[in-house]
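Engineer: model this:
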Amino acid sequence: MAEERVQRRLAAILAADVVGYSRFMETDPVGTVARLKALRNQVFEPLTARFGGRIFKTMGDGFLVEFPSAFDAVQGALEVQRELATRNADLSAQERIELRIGISLGDVIIEGDDLYGNGVNVAVRMEGLAPPGGICISSNVYEHVRTDAEFGFEDMGEQLVKNIDRPIQAWQLRVDAPTGKASGPSAMPLSDKPSIAVLPFTNMSGDPSQDYFVDGLAEEIITELSRFRWFFVVARNSSFAYKGRAVDVRLIGRQLGVRYVLEGGVRKSGDRLRITTQLIEAATGNHLWAEKFDGQLADVFDLQDKITEGVVGAIEPSVRGAEIERASRKRPENLDAYDLYLRALAHPYYSKAENQQAVEFLRKAIKLDPHYANAYGLAALCIFWQKASGWTPPTDPTIADGIQMAKVAAAEARNEPQALWMAGAVMALLGGDLTGGLALIERSLSINPNSANACTFGSIVHAYSGDDKRAIALCERSMRLSPHDPFADINMVAFAIAHFMADRFDQAAAWCDKALQIRPDYPAALRWKAAACGLLGRDLESGHAVQHLHKVSPDETVATLTRYYAVPMQKPGYLNKFIGGLRKAGMPE
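Structural biologist: Down below sits the predicted model:
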């Protein structure tokens with residue numbers, strides 16, 4: 001009996017996927033299911049059906065649709081994206097449901113109501129190349145629709161995609177293009193997060209054998225940057241489309257929908273390598289940061305790790321600073337929860353007035369987004385800083401508020417490293433839960449080991465817990481990650497605490513001196529300097545530290561500092577050692 005013939009037909013396939021589906025399901029699974037059901041019933045299914053579309057497969061976060069023609073598939077996709085853009089216009093970034101859509105034309109295999117084959121596979125890969133709210137089409141779809149309808153297109157070049165053995169030419173369809181022929185690059189919508197594209201590095205040595213290292217370096221940086229959950233990092237396939245092409249970064253910013261571009265080059269001379277990198281603000285072409293790294297070719301992989309660590313550690317504060325500046329320029333009535341968080345992030349530590357302003361911004365952000373883990377965490381950290389700076393008495397009711405905010409941040413954080421370390425620091429240093437706080441900080445570092453702040457505050461908690469070696473290692477890592485950190489004085493005091501707890505009082509005093517060179521009125525540095533010098537018998541230095549401290553924070557006494565430091569200094573002997581040093585320095589009772 002002859003084998004049954006496989007049924008095939010030519011079809012236009014549309015693949016759609018919900019952006020951030022996992023995040024939605026983590027924060028509100030029931031509400032997400034209801035919203036996706038409404039999306040299908042009210043928007044997706046009726047609009048695609050209008051152009052002959054048939055949904056033949058539904059996943060939890062997406063749909064596959066068959067159309068009779070490429071033109072119908074493109075029209076249906078445009079209608080869906082434009083309707084969603086209208087519905088999202090008045091929603092916050094956290095409430096918006098956006099789709100990525102990919103379209104391909106190809107041969108498909110029919111199995112009942114389901115379809116398989118290359119046409120389906122390519123559509124799915126095109127969807128992966130599309131930005132949120134965007135549409136990406138394959139070259140055969142482009143050839144069918146470019147003259148039949150007056151759409152706007154953007155050439156994305158040849159793309160290497162998963163499970164397809166040859167490069168595929170891709171085009172991005174302008175969702176915002178009006179009827180009428182459109183040409184030239186379009187302005188893609190920006191992510192609600194700070195967005196960055198890492199371009200393939202240039203091999204400037206003329207040695208093709210180094211291409212693997214050059215490409216691998218950029219890929220490692222993309223991977224590490226992706227650990228920062230507050231970044232939107234363009235996927236490798238999209239950014240590598242520019243390999244070997246001389247394109248203005250401002251055009252790349254528009255084409256990829258990013259605010260920042262990282263580019264670099266590698267030069268080989270004998271057995272030495274030099275790698276240069278620079279971070280550029282795409283809209284203006286301004287350079288935000290640049291660095292060079294040198295090393296031996298024999299240590300190429302170790303060098304790659306060091307470069308990746310250095311670049312990522314430097315980019316994070318550079319981008320954060322640029323984002324804060326951007327938010328500060330926005331009119332107050334246009335601020336959303338993220339902008340309020342950025343404004344608060346600018347100066348939460350140094351002055352009482354700025355700290356209180358930061359808390360006010362954060363309370364507004366939390367009101368707009370009650371599940372904003374980072375806002376809860378930073379608000380808790382600000383309240384901790386009020387107590388640490390002597391601005392509030394130990395019995396102030398806001399302290400309990402700060403501890404509660406830290407607990408909410410921990411509950412809402414899930415895998416958000418920024419919220420995790422802030423919550424952990426406050427729960428340990430303000431709430432006295434050293435074990436629980438350390439667990440949160442170490443979890444944060446396991447997700448993102450390149451956070452200088454997490455290292456610094458983790459060091460302080462480890463020092464109070466009696467692990468001075470781990471504390472110093474984290475301080476050193478923080479300094480490596482962010483050598484020009486504007487809050488480097490906090491890390492220097494963390495060094496001082498670790499050495500003090502290990503009875504290395506001379507080193508503790510030296511680190512306090514370094515911190516005081518940056519911020520002469522830093523209360524914590526003055527306290528630890530006074531205690532260390534008091535135990536060393538350096539009466540003149542300890543006396544000066546106490547006098548200076550009383551000018552900065554006149555209400556501090558042995559009694560108030562005992563109540564404050566008794567919370568984190570639970571290890572036997574630690575509090576008595578510290579208070580004993582303060583008494584020898586002349587701190588009033």
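Engineer: have a look at the chain and report its longest strand.
Structural biologist: strand 99-111 (DSSP state E).
Engineer: just checking, next helix/strand downstream of that one?
Structural biologist: With elements assigned by DSSP states H and E, the helix or strand that comes after strand 99-111 is strand 114-116.
Engineer: gap between Pro449 and His462?
Structural biologist: Distance, Pro449 to His462, using CB to CB, to the nearest Å: 15 Å. C-beta coordinates here come from the backbone N, C-alpha and C atoms, glycine included.
Engineer: chain center to the longest strand of the chain, what's the gap?
Structural biologist: Computed by CA atoms, centre = their mean, to the nearest Å, the separation of strand 99-111 from the middle of its chain amounts to 33 Å.
Engineer: stretch 530-548 too?
Structural biologist: With CA atoms, centre = their mean, you get 42 Å for stretch 530-548.
Engineer: what does stretch 248-260 give?
Structural biologist: 19 Å.
Engineer: list the buried residues of it.
Structural biologist: For stretch 248-260, burial by neighbour count (16 or more other CB atoms under 10 Å) applies to 249-250, 252-260.
Engineer: how about it as CSV, C-alpha atoms only?
Structural biologist: Presented in CSV, the C-alpha positions along stretch 248-260 are these (Å, rounded to 0.1, in the frame of the first residue of the first chain):
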residue,chain,number,x,y,z
ASP,A,248,26.1,56.4,12.6
VAL,A,249,25.2,55.5,16.2
ARG,A,250,22.3,58.0,16.1
LEU,A,251,20.8,56.0,13.2
ILE,A,252,21.4,52.7,15.1
GLY,A,253,19.7,54.2,18.2
ARG,A,254,16.6,55.0,16.0
GLN,A,255,16.6,51.6,14.3
LEU,A,256,17.0,49.5,17.4
GLY,A,257,15.0,51.8,19.7
VAL,A,258,17.8,52.3,22.2
ARG,A,259,19.1,55.3,24.2
TYR,A,260,22.7,54.0,24.6
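Engineer: so where is the stretch 151-300 of the chain shaky, pLDDT-wise?
Structural biologist: 151, 163, 165, 176-193, 209-210, 212, 226-231, 235-237, 246-247, 297-300 (pLDDT under 70).
Engineer: moving C-terminal from the helix or strand of the chain with the lowest mean pLDDT, which element do we reach first?
Structural biologist: The helix or strand of the chain with the lowest confidence, counting by mean pLDDT, DSSP states H and E, is helix 300-328 at a mean of 64. Using DSSP H and E, the helix or strand that directly follows helix 300-328 along the chain is helix 337-346.
Engineer: which strand or helix spans Leu273?
Structural biologist: strand 272-281.
Engineer: same for the very next helix or strand once past that strand, what does it pack against?
Structural biologist: Next helix or strand after strand 272-281 toward the C-terminus (DSSP H and E): strand 286-296. Here strand 286-296 touches strand 272-281, helix 300-328, going by 3 or more CB pairs under 8 Å, 6 or more residues apart in numbering; DSSP states H and E.
Engineer: can you tell me what sits against the helix or strand where Ser444 lies?
Structural biologist: Here Ser444 sits within helix 434-447, counting by DSSP H and E. Applying CB atoms under 8 Å, 6 or more residues apart in numbering, the external contacts of helix 434-447 come out as 227, 229, 410, 413, 415, 417-418, 420-421, 423-429, 431, 451, 454-455, 457-458, 461-462, 464-465, 568, 570.
Engineer: what residues sit buried inside whatever helix or strand comes next after it?
Structural biologist: Sequence order places helix 452-465 as the next helix or strand after helix 434-447, per DSSP H and E. Using 16+ other CB under 10 Å as the test for burial, helix 452-465 gives 452-465.
Engineer: Serialize those residues to CSV and add fields for distance to Ala353 and pLDDT.
Structural biologist: Shown next, in CSV, are those (distance: CB to CB, whole Å; pLDDT from 0 to 100):
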residue, distance to Ala353, pLDDT
Ala452, 26, 79
Asn453, 22, 84
Ala454, 27, 88
Cys455, 29, 90
Thr456, 24, 90
Phe457, 23, 92
Gly458, 29, 92
Ser459, 28, 92
Ile460, 25, 92
Val461, 28, 93
His462, 32, 93
Ala463, 30, 91
Tyr464, 29, 92
Ser465, 34, 90
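Engineer: name the nearest of those relative to Ala16.
Structural biologist: Proximity of those to Ala16 (CB to CB) peaks at Ala454, which lies at 36.9 Å.
Engineer: which stretches of the stretch 451-589 of the chain form helices?
Structural biologist: Remark: helices assigned in the stretch 451-589 of the chain by DSSP state H, counting those that start in this stretch are 452-465, 468-481, 488-501, 505-518, 523-536, 539-552, 558-565, 574-585.
Engineer: what's the first one packed up against?
Structural biologist: For helix 452-465, the packing partners by 3+ CB pairs under 8 Å, 6+ apart come out as helix 300-328, helix 417-429, helix 434-447, helix 468-481, helix 488-501.
Engineer: am I right that Trp171 is in a strand?
Structural biologist: Yes: the assignment for Trp171 is a strand, going by DSSP: H, G, I helix; E, B strand; the rest coil.
Engineer: what's near enough to touch it?
Structural biologist: Trp171 touches 136-139, 141-142, 153-156, counting by CB under 8 Å, 6+ apart.
Engineer: now the residues you listed as TSV including secondary structure and neighbour count?
Structural biologist: Shown next, in TSV, are the contacts of Trp171 (DSSP: H, G, I helix; E, B strand; the rest coil; neighbours: other CB atoms under 10 Å):
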residue	secondary structure	neighbour count
Cys136	strand	28
Ile137	strand	35
Ser138	strand	26
Ser139	helix	16
Val141	helix	29
Tyr142	helix	20
Phe153	strand	18
Glu154	strand	20
Asp155	strand	14
Met156	strand	22
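Engineer: need those in a markdown table with distance to Ala353, can you?
Structural biologist: Listed next are the contacts of Trp171 as a markdown table, based on distance: CB to CB, whole Å:
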| residue | distance to Ala353 |
| --- | --- |
| Cys136 | 49 |
| Ile137 | 54 |
| Ser138 | 57 |
| Ser139 | 59 |
| Val141 | 58 |
| Tyr142 | 57 |
| Phe153 | 53 |
| Glu154 | 48 |
| Asp155 | 52 |
| Met156 | 49 |
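Engineer: the residue nearest to Gly264 when sequence neighbours are not counted pairs with what?
Structural biologist: Closest residue in space to Gly264, ignoring its immediate chain neighbours: Thr277 at 3.9 Å, by CB to CB, 6 or more residues apart in numbering. Beta-bridge pairing of Thr277 under DSSP bridges involves Gly264, Glu291.
Engineer: hmm, Thr277 is touching Glu291, no?
Structural biologist: Yes: contact criterion CB atoms under 8 Å: Thr277 and Glu291 qualify, at 5.5 Å.
Engineer: which one's more surrounded, the two?
Structural biologist: Per other CB atoms under 10 Å, whichever of Thr277 and Glu291 has more neighbours is Thr277, with 24 against 15.
Engineer: in CSV, list the helices of the stretch 451-589 of the chain along with distance to Arg50.
Structural biologist: As requested, those are arranged in CSV below (distance: least, CB to CB, whole Å):
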stretch, distance to Arg50
helix 452-465, 51
helix 468-481, 53
helix 488-501, 59
helix 505-518, 64
helix 523-536, 65
helix 539-552, 70
helix 558-565, 67
helix 574-585, 72
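Engineer: who are the contact partners of Gln570?
Structural biologist: Contacts of Gln570 by CB under 8 Å, 6+ apart are 432, 434, 464.
Engineer: and the last one, what does it touch?
Structural biologist: Think Tyr464. By CB under 8 Å, 6+ apart, the neighbours of Tyr464 are 428-429, 434, 497, 501, 568-571, 574.
Engineer: how close does it get to Met501?
Structural biologist: 7 Å.
Engineer: where do the contact lists of these two overlap?
Structural biologist: Joint contacts of Tyr464 and Met501 (CB under 8 Å, 6+ apart) are 571, 574.
Engineer: picking up where we left off before, so which elements touch the strand holding Leu273?
Structural biologist: By 3+ CB pairs under 8 Å, 6+ apart, strand 272-281 packs against strand 260-269, strand 286-296, helix 300-328.
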